[in-house]
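Peer 1: Fold the following and give me the result.
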Amino acid sequence: MDLAQSNLLNADMAGNTDGFGSQRLEWIRGNSANESGTCGTCTPSLRSRPTSKLGDIIHSAPTYVAMPDFGYPDTMEAAAYSSFAVAKAGRTPTIYVGANDGMLHAFSARTGTETLAYVPSPVYKNLSALPTQSLSSDSNAPPAHRYYVDGSPTVGDAFYNGAWHTLLVGTLAAGGQGIYALDVTNPSTFAESAAASIVRWEFNSANDADMGSVFGQPLIVKTNNGRWSVIFGNGYNNTDADGNASSTGHAVLYVIDAETGALTAKIDTLAGTTTTPDGVSGSIAVDLDGDGIADVVYAGDLAGNLWKFDLTSSSAGSWSVAFGGSPLYSTGGQPITTRPDVTKFTTGGYLVVFGTGRYIDNSDNTTTDQQTFYGIRDQGAAVGSIGSLVHQSVAGTATGTDGNTYRITTHAVGPPTLDAALSGDNAVSTSTYYASKSGWYLNLPTSGERVATDPSIRSGRVVWNTLIPNTDPCGYGGSGWVMEVDVMTGNRYDTPTFDSNGDGTISAADLVSFHDATDNTSGRQVTSIPAAAGFLRASVTSGQPPFENKNVNTSAGNVAVIGETAGLGTQGRRSWRQIQ
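Peer 2: Sure thing, here's the model as predicted:
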């Protein structure tokens, strides 16, 4: 802790120096000696934590790290990746997560014991608020909720300084303007005395005025300049009170050197102004030629632009926005606040899928603008308008025998095999779609419905969640849907998708009654706000189609387990997408 940080802890919430910095520091470390429920009339009398010393975890998703498993080829660097993976095969499995107690935490996955806590420097200015007693009737509550280390960490392997390392890069999300990098190669060495070797670097608004609050997870990739890099969009509110008076308000993509934290490239879209600031959201990188190096990056922004960034040059100074600075596609103002996903398209090029909508500020609770899920083809040129896309839609809802509510969507490309009377079915032939259309879109039908979590492409399908806010205090903040359609066309599937009768298998018995027939479904309702799904594939049963559960954390405090079909093949979690 440096002098400036000590001074921030030595002051109360109003900024008045009171000399109680050491007591606040001990409280943050977990010491209860000065808590009001413990010491009575001690000075200072700090807020009691009767149940847990761990702060609330809201936007940060836990990341599990055990043995290295990224599978990089041994020829990629001077030292073989397989040797690194073997050497670290037995390292302690660890869970990393950010919390609104000001810290990134590491816990042993075997025992639950905390092994590391790190306080990024941009949150120090708000730390004094944590131990302050509430001014409300509940003296054990903080005066008002604040966000601190609120972003989800990314963990990946990278090669620098002559060796492979496991690097954790985390964001603050709503907690501030900054990201940080920790070397977590050896959890067994976690100790305060080793801080200098664990903490790699930080990058915040003091380094660049266009840095905002980053909600998307950074990428850890090798780039064509021969270095390993951290890539992320500049996020939101980049002209707020964090000292960004000189910010341009533009949406930009940062490329940071993974070893040093130095700014390698700042790719400016020129979108946004100081009065109407824009910001790049979560990004995904693609390796075009199978050499393990990121060549292009896709990301959306608050103004509804889907950008493609060209990183194919060996010179970072030549990296740029593709298509002469134009977006690949513009939604006409529907904000893109989540990371897109991408796959090779059937007849060449790539397909980028993403949803629109925002759920960031308090005012977002009441917005009712139409939002949409898109599949946009990248064929080497910008896509002009929505008129070049195939229109899919939600045809209606039906109740499964398990009591849950399901959605039926259209089959607008190719001949449907189920209910041909559905509106929009059979609108475009398959040959026309592949020859002349630039993708598809599906409007979300419920007022206020939007996409606020990242989509996932799995075995020819795209899975995404929607959110519908609800101001009812008994409504868990809202509800939503888990949706799943064919990724190439947006079609509903001709065969059952959801286990609508709850028997743990997928069969014709899972079709639901709708219109004048039994139909396949494309979505299942969740009665509280759903987080992004986790995927757990079941053992293959002879004679049965592949089956997996989508495990969805909800705002009601439970996990919705949604049984669905699973396509062939497997997919592991990676910090970026390599397509060969």
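
Peer 1: in the protein, what spans have low per-residue confidence?
Peer 2: 1, 134-143, 241, 243-244, 417-421, 423, 473-474, 516, 539-544, 567-580 (pLDDT under 70).

Peer 1: residue ranges for the helices of this structure, please.
Peer 2: Per DSSP state H, the chain carries helices over the ranges 3-9, 21-28, 36-39, 81-87, 195-198, 430-436.

Peer 1: which of these is buried the deepest?
Peer 2: helix 21-28 (a mean of 19; mean count of other CB atoms under 10 Å). For the C-beta atoms, the positions are set from N, CA and C on the backbone; glycine is no exception.

Peer 1: Dump the C-alpha coordinates for that helix into CSV.
Peer 2: Taking only C-alpha atoms (Å, rounded to 0.1, in the frame of the first residue of the first chain), the coordinates of helix 21-28 have been written out as CSV:
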residue,chain,number,x,y,z
GLY,A,21,-6.9,4.0,8.6
SER,A,22,-5.3,1.1,10.5
GLN,A,23,-8.6,0.1,12.1
ARG,A,24,-10.4,0.2,8.7
LEU,A,25,-7.6,-1.9,7.1
GLU,A,26,-8.0,-4.5,9.9
TRP,A,27,-11.8,-4.5,9.4
ILE,A,28,-11.4,-5.1,5.6
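
Peer 1: what helices or strands is it leaning on?
Peer 2: helix 3-9 (3 or more CB pairs under 8 Å, 6 or more residues apart in numbering; DSSP states H and E).

Peer 1: residues making contact with the helix it packs on?
Peer 2: 1, 17, 21, 24-25, 121, 124-125, 127-128 (CB atoms under 8 Å, 6 or more residues apart in numbering).

Peer 1: let's see it at 6 Å
Peer 2: For helix 3-9, the external contacting residues (CB atoms under 6 Å, 6 or more residues apart in numbering) are 21, 24-25, 124-125, 127.

Peer 1: repeat for stretch 157-176
Peer 2: Stretch 157-176 is contacted by residues 59, 68, 70, 77, 84, 96, 98, 104, 122-123, 147-151, 153-155, 178-185, 214-215, 218, 220, 228, 230, 258-259 when judged by CB under 6 Å, 6+ apart.

Peer 1: buried ones in that stretch?
Peer 2: 157-160, 164-176 (16 or more other CB atoms under 10 Å).

Peer 1: Can you tell me which of the residues you listed end up in strands?
Peer 2: Assigned to strands by DSSP state E, the following of the buried residues of stretch 157-176 qualify: 157-160, 164-171.

Peer 1: looking at the helices of the chain, which is closest to Gly557?
Peer 2: Nearest of the helices of the chain to Gly557, taken as CB to CB: helix 36-39 at 25.4 Å.

Peer 1: Tell me how far the closest one lies from the chain's centre.
Peer 2: Put simply, helix 36-39 sits 40 Å off its chain's centre (CA atoms, centre = their mean, to the nearest Å).

Peer 1: Export only the CA atoms of it, formatted as CSV.
Peer 2: Below are the C-alpha coordinates for helix 36-39, written out as CSV (Å, rounded to 0.1, in the frame of the first residue of the first chain):
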residue,chain,number,x,y,z
SER,A,36,-20.1,-2.4,17.0
GLY,A,37,-21.5,-5.7,18.0
THR,A,38,-18.2,-6.8,19.5
CYS,A,39,-16.7,-3.8,21.2
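
Peer 1: Now for Ala390: which residues touch it?
Peer 2: Actually, residue 390 is Val. It isn't Ala. The neighbours of Val390, taking CB under 6 Å, 6+ apart as the test, are 412-413, 428, 437, 440.

Peer 1: In JSON lines: those residues, plus neighbour count.
Peer 2: Below are those laid out as JSON lines (neighbours: other CB atoms under 10 Å):
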{"residue": "Ala412", "neighbour count": "24"}
{"residue": "Val413", "neighbour count": "25"}
{"residue": "Val428", "neighbour count": "18"}
{"residue": "Lys437", "neighbour count": "17"}
{"residue": "Trp440", "neighbour count": "27"}
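
Peer 1: domain assignment for the protein?
Peer 2: The chain is divided into the following domains under automatic domain parsing: 1-53, 54-125+147-204, 205-327, 343-580.

Peer 1: what's the most buried one of those domains?
Peer 2: Stretch with highest mean neighbour count among those: domain 205-327 (a mean of 21; mean count of other CB under 10 Å).

Peer 1: what's the offset of that domain from the middle of its chain?
Peer 2: Using CA atoms, centre = their mean, the offset of domain 205-327 from its chain centre is 16 Å.

Peer 1: what do you get for stretch 466-477?
Peer 2: That offset, for stretch 466-477, works out to 21 Å (CA atoms, centre = their mean).

Peer 1: In CSV, list the C-alpha atoms belonging to that stretch.
Peer 2: Extracted in CSV, the C-alpha atoms of stretch 466-477 (Å, rounded to 0.1, in the frame of the first residue of the first chain):
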residue,chain,number,x,y,z
THR,A,466,-33.3,-12.9,-22.0
LEU,A,467,-34.2,-10.6,-19.1
ILE,A,468,-37.5,-8.9,-18.4
PRO,A,469,-37.2,-6.5,-15.5
ASN,A,470,-39.9,-6.3,-12.9
THR,A,471,-40.2,-3.6,-10.2
ASP,A,472,-42.4,-5.7,-8.0
PRO,A,473,-40.4,-6.3,-4.7
CYS,A,474,-41.7,-9.8,-4.6
GLY,A,475,-40.7,-10.5,-8.2
TYR,A,476,-37.0,-11.2,-7.7
GLY,A,477,-36.2,-8.3,-10.1
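
Peer 1: what's next to that stretch, contact-wise?
Peer 2: So stretch 466-477 is contacted by 359, 365, 444, 446, 448-452, 478-481, 528-529, 555-556 (CB under 6 Å, 6+ apart).

Peer 1: From one end of stretch 52-62 to the other, what's the distance?
Peer 2: End-to-end span of stretch 52-62 (CA to CA, to the nearest Å): 18 Å.

Peer 1: List of residues touching it?
Peer 2: 30, 95, 97-101, 150-152, 173.

Peer 1: how about a cut-off of 8 Å?
Peer 2: Contacts of stretch 52-62 with the rest of the structure, by CB under 8 Å, 6+ apart, involve 30, 95-103, 105, 130, 145, 147-153, 173-174, 215, 531-532.

Peer 1: Out of the ones in strands among the buried residues of stretch 157-176, the closest to Thr274 would be?
Peer 2: Nearest to Thr274 out of those is Thr171 (CB to CB; 23.1 Å).

Peer 1: which residue packs closest to the closest one, ignoring adjacent ones?
Peer 2: Leaving out its chain neighbours, the residue that sits closest to Thr171 by CB to CB, 6 or more residues apart in numbering is Gly151, at 3.1 Å.

Peer 1: One more: Phe535?
Peer 2: Glu548 (5.7 Å).

Peer 1: Who are the contact partners of that neighbour?
Peer 2: Contacts of Glu548 (CB under 8 Å, 6+ apart): 535-538, 563-566.
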